[in-house]
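[1] Dropping a prediction and its sequence here:
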Amino acid sequence: MLAVTRYALSRLLEDQPTFLMACYEPDMDGITYTFDLKDACTYVSFEKAADVARTLQRLHGYDLMIVVVQEDV
């Protein structure tokens, strides 16, 4: 297998790391978090992850960390 580097976004929630996860429920704002990195959204470039993090900071006021993820393909 080949390992590919991707990037996830993380923030602390109740002193635990959580990871940005897409959510398309009509009664939610489209953003949710998971404690399991395997369920997180990942981005193909650091720049894209940084762009999403900046947008979420501007819209919601919280800081996100970029986490390096190795995915097997």
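    Done, it's in. Keep in mind that what you see is a predicted model, and the values were worked out from it rather than measured.
[2] all contacts plus neighbour counts: C-alpha atoms, from now on.
    Fine.
[3] Ile66 is in contact with Ala50, correct?
    Yes. Under the criterion of CA atoms under 8 Å, Ala50 makes contact with Ile66 at 7.2 Å.
[4] What helices and strands are in contact with the helix or strand of the chain with the lowest mean pLDDT?
    Lowest mean confidence among the helices and strands of the chain (mean pLDDT, DSSP states H and E): strand 31-34, at a mean of 89. Applying 3 or more CA pairs under 8 Å, 6 or more residues apart in numbering; DSSP states H and E, one finds that strand 31-34 contacts strand 16-22.
[5] Who are the packing partners of the strand it packs on?
    Other elements packing on strand 16-22 under the criterion 3+ CA pairs under 8 Å, 6+ apart are strand 3-13, strand 31-34.
[6] buried ones in stretch 66-73?
    Val67, Val69 (16 or more other CA atoms under 10 Å).
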